[in-house]
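J.: Got a predicted model here, sequence first, then my questions.
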Amino acid sequence: MQTEILSDDELAELTGYKARGWQRRWLTDRGWHFVESRGGRPLVGRQYARVKLGVTLEVVPMAPPPPLTPVWTPDISKVR
């Protein structure tokens, strides 16, 4: 299962650098938003990276569920 944050290897593949300082510089120069971990690792969200790279996800429209039919209906035939 993939996490919501790019892994070290994915970030190195994206930026072309393994050194965290150069990764931060690459991201900053290209206007990418990221958060730094305590250790100085740039954290980039997976969905954000997809959007920045122009990857679109196919959205499948879903039809609304059919209306519920009542199980019980009151008998008001004898009400005056």
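T.: All right, it came through fine.

J.: What are the buried residues along the longest helix along the chain?
T.: Identified as the longest helix of the chain according to DSSP state H is helix 20-29. In terms of neighbour count (16 or more other Cβ atoms under 10 Å), helix 20-29 has its buried residues at 20, 23-24, 26-27. Backbone N, C-alpha and C define where each C-beta goes, glycine included.

J.: Rank the helices and strands of the protein by mean pLDDT and give me the bottom one.
T.: helix 46-52 (a mean of 92; mean pLDDT, DSSP states H and E).

J.: got the CA coordinates for that one in CSV?
T.: In CSV, the C-alpha atoms belonging to helix 46-52 read as follows (Å, rounded to 0.1, in the frame of the first residue of the first chain):
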residue,chain,number,x,y,z
ARG,A,46,1.4,12.0,-3.5
GLN,A,47,-1.8,13.7,-4.8
TYR,A,48,-0.1,17.1,-4.9
ALA,A,49,2.7,15.6,-7.0
ARG,A,50,0.2,14.0,-9.4
VAL,A,51,-1.5,17.4,-9.9
LYS,A,52,1.8,19.2,-10.4
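
J.: still on that earlier bit, helices and strands around the helix or strand just after the longest helix of the chain, which ones?
T.: Using DSSP states H and E, the helix or strand that follows helix 20-29 towards the C-terminus is strand 35-36. Packing partners of strand 35-36 (3 or more Cβ pairs under 8 Å, 6 or more residues apart in numbering; DSSP states H and E): strand 42-43.

J.: How far does the longest helix of the chain sit from its chain's centre?
T.: 22 Å (Cα atoms, centre = their mean, to the nearest Å).

J.: Ok, stretch 17-33 next?
T.: With Cα atoms, centre = their mean, you get 21 Å for stretch 17-33.

J.: repeat for stretch 72-80
T.: 52 Å.

J.: Let me see the mean pLDDT of the longest helix of the chain.
T.: In this model, helix 20-29 has an average pLDDT of 96.

J.: Keeping just the C-alphas, turn it into CSV.
T.: C-alpha atoms of helix 20-29 as CSV (Å, rounded to 0.1, in the frame of the first residue of the first chain):
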residue,chain,number,x,y,z
ARG,A,20,17.9,16.4,0.8
GLY,A,21,19.4,19.9,0.4
TRP,A,22,19.4,19.6,-3.4
GLN,A,23,15.9,18.1,-3.3
ARG,A,24,14.6,21.1,-1.3
ARG,A,25,16.3,23.5,-3.8
TRP,A,26,14.8,21.7,-6.8
LEU,A,27,11.3,21.8,-5.3
THR,A,28,11.6,25.5,-4.3
ASP,A,29,13.0,26.5,-7.7
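
J.: Sounds good, over and out.
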